[in-house]
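>>> Fold the following for me, if possible:
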Amino acid sequence: MDRSVLEGDPHSVLEGMLICGYAIGASHGYIYCRAEYPRAIVRLNNAISQATERGFLGDNILGTDFSFHIKIKEGAGAFVCGEETALIASIEGHRGTPRIRPPYPAVRGLWGKPTNINNVETFANLPWVILNGSQALAAMGTDDSKGTKVFAMAGKVKRSGLVEVPMGITINEIIFDICGGIVNDKKFKAVQMGGPSGGCIPASLGNTRIDYQQINKTGAIMGSGGMIVLDESTCMVELARFFLEFTQNESCGKCTSCRIGTLRMLEILKRIVEGKGEEGDIERLERLGSYIKDTAQCGLGQTAPNPVLTTIKYFRSEYEEHIVNKRCPAHSCMQLVEYAVDPGTCTGCSLCARNCPAGAISGEKKQAHQIDPAKCIKCGKCITMCNFGAIMKN
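As a prediction, this is how the structure comes out:
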């Protein structure tokens, strides 16, 4: 969402930063943008040059005694640098690791000076609020969460992309009314909100209103506005493993609870999706997640267990199926899936057998074929090749 603002309307961000700088008496501003967004950086540089030529940036702006300069800092893509003190360290040329607060950046921030840090979306909204007034903003949203929010819609939704909606709209309204529902009209299962360290909200809570208080009550977070829609084919245990692997890799390693705690959680999750889960694993995950949330130094560590804790909270039965029955209800975890041929549907065309890389399928022509579980490597080639839907996952 922030990249779209930087690429599509960089001047709104510059103007918002100018307003902020004028309000707090600052003379320098930094835009921290990951280097993987080259188009955003090019357009930001163009916008800064244009604003400087017009006299809106630089020394003695429009003949006044107010001066303001903006620089771009290209980040290396570290997730932890979304935390404000790690971001400051990165701008200063140090490794991007968080520091203890207080002192907060508003007291001692970049180069030891008082610093105001805000999201790109916040700065871009400032000019609109100044022009239209606070009442115009307050007319949208809820009592506790005013205005609008941009969400990046992804996953199993028919119309993906960016949507700007008033705060207070429900999850179901976004998914079904705005984005057209679920791909192939499958069953809506859950939505993952808040980025990699966000949480999962089940379809049963689809009428939850989008505001900071209501989303936090579910165990998820609003974050920067990512929303991944999931259907019935998604394994919630594997989903939790996927996101925890990302946050574990992105941990800066400074505090033990995040560095080691997330690793221990990830090891347990890997065992579960491989069919090696043990009794008590769910409780271990809950206990570790609680410890990490309470003791991690920064926001990344404190929110890293969210995908695990929310999927346990709302989809505990899936964890139990993996651990007790060694079965993945979504037929997604490859180690827990067995491929079989439906004899009532198979026509014996042998197309699957001819294309099986492991030679695991046998049978006479025009007779139902069979799959040898001992040879099957679970690559899914047979499902892709079968024109009659005769291959089943058990």
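>>> for the closest residue to residue 322 other than its chain neighbours, what are its contacts?
Leaving aside its sequence neighbours, residue 322 sits nearest to residue 272 (CB to CB, 6 or more residues apart in numbering; 4.9 Å). In this view, the C-beta of every residue, glycine as well, is placed from N, C-alpha and C. Counting by CB atoms under 8 Å, 6 or more residues apart in numbering, residue 272 touches 237, 241, 281, 319, 322-323.
>>> Does residue 315 touch residue 235 like I think?
No: with contact defined as CB atoms under 8 Å, residue 315 does not reach residue 235; the gap is 9.3 Å.
>>> quick one, strands of the stretch 1-150 of the chain?
Assigned by DSSP state E, counting those that start in this stretch, the stretch 1-150 of the chain shows strands spanning 28-34, 69-75, 148-155.
>>> mean confidence for the first one?
Same thing as strand 28-34. Averaging pLDDT along strand 28-34 gives 95.
>>> Check the offset of it from the chain's centre.
Distance of strand 28-34 from its chain centroid, counting by CA atoms, centre = their mean, to the nearest Å, is 22 Å.
>>> Which strands or helices does that strand pack on?
Contact partners of strand 28-34 among helices and strands, from 3 or more CB pairs under 8 Å, 6 or more residues apart in numbering; DSSP states H and E: helix 10-24, helix 38-53, strand 69-75, helix 84-91.
>>> ok, residues contacting that strand?
So strand 28-34 is contacted by 6, 13, 17, 20-21, 40-41, 44, 68-77, 81, 87, 90-91, 110, 120 (CB under 8 Å, 6+ apart).
>>> re the thing from before, which residues are in contact with both of residue 315 and residue 235?
By CB under 8 Å, 6+ apart, no residue touches both residue 315 and residue 235.
>>> Could you identify which of the helices and strands packed on strand 28-34 is most buried?
With neighbours taken as mean count of other CB atoms under 10 Å, the helices and strands packed on strand 28-34 reach their highest mean count in helix 84-91, at a mean of 22.
>>> quick one, what contacts residue 21?
27-29, 68.
>>> Swap in 7 Å and give it another go.
27, 29, 68 (CB atoms under 7 Å, 6 or more residues apart in numbering).
>>> ChimeraX command for the buried members of the residues you listed?
Buried subset of the contacts of residue 21, written as a ChimeraX selection, criterion 16 or more other CB atoms under 10 Å:
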select :29,68
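>>> I'd like to know how many residues surround residue 388.
12 (other CB atoms under 10 Å).
>>> Hmm, it is touching residue 351, no?
No: contact criterion CB atoms under 7 Å: residue 388 and residue 351 do not qualify, at 9.3 Å.
>>> Give me the common contacts of these two.
Between them, residue 388 and residue 351 share no contacting residue, judged by CB under 7 Å, 6+ apart.
>>> show me what contacts the residue positioned nearest the centre of the chain?
The centre of the chain sits closest to residue 195, judged by CA atoms, centre = their mean, with a distance of 2.0 Å. Counting by CB under 7 Å, 6+ apart, residue 195 touches 223-224, 226.
>>> Which member of the contacts of residue 21 is positioned nearest residue 359?
residue 29 (64.0 Å; CB to CB).
>>> what's the distance between that closest one and residue 69?
7 Å (CB to CB, to the nearest Å).
>>> related to what we said a few turns ago, of the helices and strands packed on strand 28-34, which is nearest residue 216?
That would be helix 84-91 among those, by CB to CB, at 19.5 Å.
>>> Now do the closest one: which elements does it pack against?
strand 28-34 (3 or more CB pairs under 7 Å, 6 or more residues apart in numbering; DSSP states H and E).
>>> List the buried residues for the strand it packs on?
29-34.
>>> Each with direction, which strands does that strand pair with?
strand 69-75 (parallel) (DSSP bridges).
>>> Just the C-alpha atoms of the partner strand, please, in PDB.
Only the C-alpha atoms of strand 69-75 are listed here, as PDB (Å, rounded to 0.1, in the frame of the first residue of the first chain):
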ATOM      1  CA  HIS A  69      15.400  19.100   3.300                       C
ATOM      2  CA  ILE A  70      14.300  15.500   2.500                       C
ATOM      3  CA  LYS A  71      16.600  12.600   1.900                       C
ATOM      4  CA  ILE A  72      15.800   9.100   0.800                       C
ATOM      5  CA  LYS A  73      17.300   6.100   2.700                       C
ATOM      6  CA  GLU A  74      17.300   2.900   0.800                       C
ATOM      7  CA  GLY A  75      16.800   0.000   3.200                       C
END
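>>> if you go through the stretch 251-394 of the chain in chain order, where are the helices?
Secondary structure of the stretch 251-394 of the chain (DSSP state H, counting those that start in this stretch): helices located at 256-259, 261-273, 281-295, 299-303, 306-324, 351-355, 381-385.
>>> Out of those, which is closest to residue 175?
helix 306-324 (16.7 Å).
>>> what residues does that closest one touch?
197-200, 202, 219-221, 235-237, 239-240, 243-244, 265, 272-273, 277-279, 281-282, 285-286, 289, 327-329, 336.
>>> now that helix, how far from the chain's geometric center?
Worked out by CA atoms, centre = their mean, helix 306-324 lies 19 Å from the chain centre.
>>> Quick check: mean pLDDT of it?
On average, helix 306-324 scores 96.
>>> Now it: buried residues?
Here helix 306-324 shows 306-312, 314-315, 318-319, 321-323 as buried, counting by 16+ other CB under 10 Å.
>>> what does stretch 257-266 give?
Those buried within stretch 257-266 under the rule 16+ other CB under 10 Å are 257-258, 261-262, 265-266.
>>> neighbouring strands for the least confident helix or strand in the chain by mean pLDDT, and are they parallel or not?
None of the helices or strands of the chain scores lower by mean pLDDT, DSSP states H and E than strand 391-393, at a mean of 87. Strand 391-393 pairs in its sheet with strand 339-341 (antiparallel), by DSSP bridges.
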